[in-house]
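> Got a predicted structure plus its sequence, pasted below:
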Amino acid sequence: MDKVLGDKIPEFNKKEREGGGVGLSSMSALGLGDHRTKFEALIIALIAVVIIGGTELILELRGTPQYVFPRPSLILTALFTEWPFIWPHFVTTMYELLVGFAIGGSIGFVLAAVITQFPFVEKVVTPYILLLVTTPMLALVPLLILKYGFGSEPRIIAVALASGPMVMINSATGFRRVDLAKIALARSFGASTLQIFTKIRIPMAMPMIIVGLMVGSIFGLLTTVGAEMVGGAEGLGNRLTYYSALIRMPQFFAIILILAIIGISIYVFFFWLGKKWASWEA
Amino acid sequence: MPRVAASARPKMVVDRATKYYETRSGSVHALDNVSLEVREGEFLCILGPSGCGKSTLLWSMAGLHDVSGGEIRLGSEKITKPHPEIAMIFQDANLLPWRNLFQNIALPFEIKHKRPDQARISQLLERVNLNGFESKYPRELSGGMQQRASIVRSLAVDPSVLLMDEPFGALDAFTRDEMNLLIQEIWMETRKTIAFVTHSITEAIFLADRVAVMSARPGRIVAIYQIDIPRPRPVEIQTRPDFIERVLTIKSRIEHGRGPAAGLAIT
């Protein structure tokens, strides 16, 4: 480690600039854009009202039957009346998502942290990780169900497989952005390798780690719902196939509404986390 | 105010240091048999053209990388890794952008598992006119303020040797003058031993007790000039004929050292 650092120093100025520039806008790219004025927020709300109200009105006037497209008011009513029945499925989905994401995310993070320390290993492993990122893990679900049955296990495994590589590949990008001057600074005060890791490398990689967690968890949600649609009798994905089979469209759309809310919450959470821990970059 | 002459006792010794480093295009000879001493309480400037290995020399003195041959000592102790008595001040301040000013200054204490010395830190912040900025982030501070913060960070742990690697290179001329005055004052007050790397001849003469001139790569010490201008030195001194004469002398020395006969120019 000593040697590697030392040998690069005469060019560290150049390297630092190049490295520092990578993904500098990574956080802002995922942002909701710049801060909104009250007026802009008002317009956004107004558009929502027009769309929902307009849909309601058109469906009402044309007498469109429920099973073709339920009126927004019916969807909302269904959400509240069906909630006691939906609730256990919501819990199942959240459980699968959180456990799968926790497993996949932590493995991905640790792998990224370790692998980036060894350029050779990184070069060898990266193509395989890319393969995992680009192959839809949903495709594995039927196989996993054969092996693990219709419980939560195959879904958790699928979620972990879908989110882990996403977290890993983004975190690795973050960890690769080494700023030799900052590491040298910590070393000049006598920092150990572990301290350099916790005080320099991790904070430095944080913007990309958060991007990875955000993308990974959204992928996880996708995979959870997809896996539930493939088989089993529980989860929001299963409810989608169930309600559509019974042509209970207001309930069907209520589930979609819930999924949208989960997705947006994930996004807002990580956006908030990014503001808190990685705002220095944006 | 006449200054007591720095004692001749060497604080740090660079003894026949040679450094090669490997790049993709092959081995580069950065330092060639460099011998130099930094005396106790002295302000030494290491001056040279870019790429002459002066930063490499300073980083070696900080124990941040090893030398291929020869050795570097602090007192009788051989420097092979960073030493708590030695603090480094980097180019471009090198503050951590995710920490506010106070957290940046507290970094060395955290690393040493110590409680930050609040009293000393606020005294130093006061000294460099940064009190009240503790909760500001680096991006909210000007270049000069950032570099002042980095000086406080280094002084807060009370090292006996300060190594400064072109610390004011990125600043505009006015801020640079201000910083030079500040570092002169701080040096006069604290009597730290300072080795200061720069490529500005004016800056070197303005600050130093002695200026060590390095040749282009491979870096060698080609000459050492004693600067006996009394302190405190005001900025205006830089326009005086005798000051300019010193600049020209050193300039011609560097240009000469750069030529094909560089190998013969060792004094």
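Good, I have the coordinates.

> Next up, the contacts around residue 142.
Assuming you mean chain A. When contacts are counted by Cβ atoms under 8 Å, 6 or more residues apart in numbering or on different chains, A:P142 touches A:230-231. Quick note: C-beta positions are derived from backbone N, CA and C, even for glycine.

> Chain B is the one I meant
Contacts for B:S142 (Cβ under 8 Å, 6+ apart) come out as B:T175.

> and residue 169, what element?
The chain I'm using is chain A. A:I169 belongs to helix A:153-176 when assigned by DSSP states H and E.

> oops, I was thinking of chain B
Secondary structure from DSSP H and E places B:G169 outside every helix and strand.

> okay but it is in contact with B:H199, surely?
Yes. B:G169 is within contact range of B:H199, at 7.4 Å (criterion: Cβ atoms under 8 Å).

> More neighbours: which of the two?
For B:G169 versus B:H199, neighbours defined as other Cβ atoms under 10 Å in any protein chain shown are more numerous around B:H199 (19 against 15).

> Excluding sequence neighbours, find me the nearest residue to that one.
B:S50 (5.9 Å; Cβ to Cβ, 6 or more residues apart in numbering or on different chains).

> if we can go back for a sec, check whether the helix holding A:I169 comes near chain B.
No. Helix A:153-176 does not reach chain B (Cβ under 8 Å from any Cβ of the partner chain); its nearest approach is 12.6 Å.

> from memory A:V178 sits against A:I196, does it?
No. Using Cβ under 8 Å, A:V178 makes no contact with A:I196, being 10.2 Å away.

> quick one, helices of the chain?
No chain was given, so I picked chain A. Using DSSP state H, the helices of chain A run over A:2-8, A:12-21, A:26-30, A:38-62, A:72-115, A:119-134, A:141-148, A:153-176, A:180-188, A:193-196, A:202-230, A:236-245, A:249-277.

> let's do chain B instead
B:54-61, B:101-111, B:118-127, B:143-156, B:173-190, B:201-207, B:241-258.

> Same list, these, but as a markdown table with distance to A:G212 please.
Output for the helices of chain B, formatted as a markdown table (distance: least, Cβ to Cβ, whole Å):
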| stretch | distance to A:G212 |
| --- | --- |
| helix B:54-61 | 33 |
| helix B:101-111 | 25 |
| helix B:118-127 | 36 |
| helix B:143-156 | 30 |
| helix B:173-190 | 39 |
| helix B:201-207 | 45 |
| helix B:241-258 | 49 |
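
> Quick one: those helices as a markdown table, columns for distance to chain A and mean pLDDT too.
Output for the helices of chain B, formatted as a markdown table (distance: least, Cβ to the nearest Cβ, whole Å; pLDDT from 0 to 100):
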| stretch | distance to chain A | mean pLDDT |
| --- | --- | --- |
| helix B:54-61 | 6 | 91 |
| helix B:101-111 | 4 | 94 |
| helix B:118-127 | 15 | 91 |
| helix B:143-156 | 9 | 93 |
| helix B:173-190 | 18 | 92 |
| helix B:201-207 | 19 | 94 |
| helix B:241-258 | 18 | 84 |
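
> Single out the most deeply packed of the ones you listed.
helix B:54-61 (a mean of 26; mean count of other Cβ atoms under 10 Å in any protein chain shown).

> Skipping adjacent residues, who's closest to B:R99 in space?
B:L107 (7.0 Å).

> In this structure the one you found contacts A:A186, no?
Yes. B:L107 lies in contact with A:A186 (Cβ under 8 Å); the separation is 7.4 Å.
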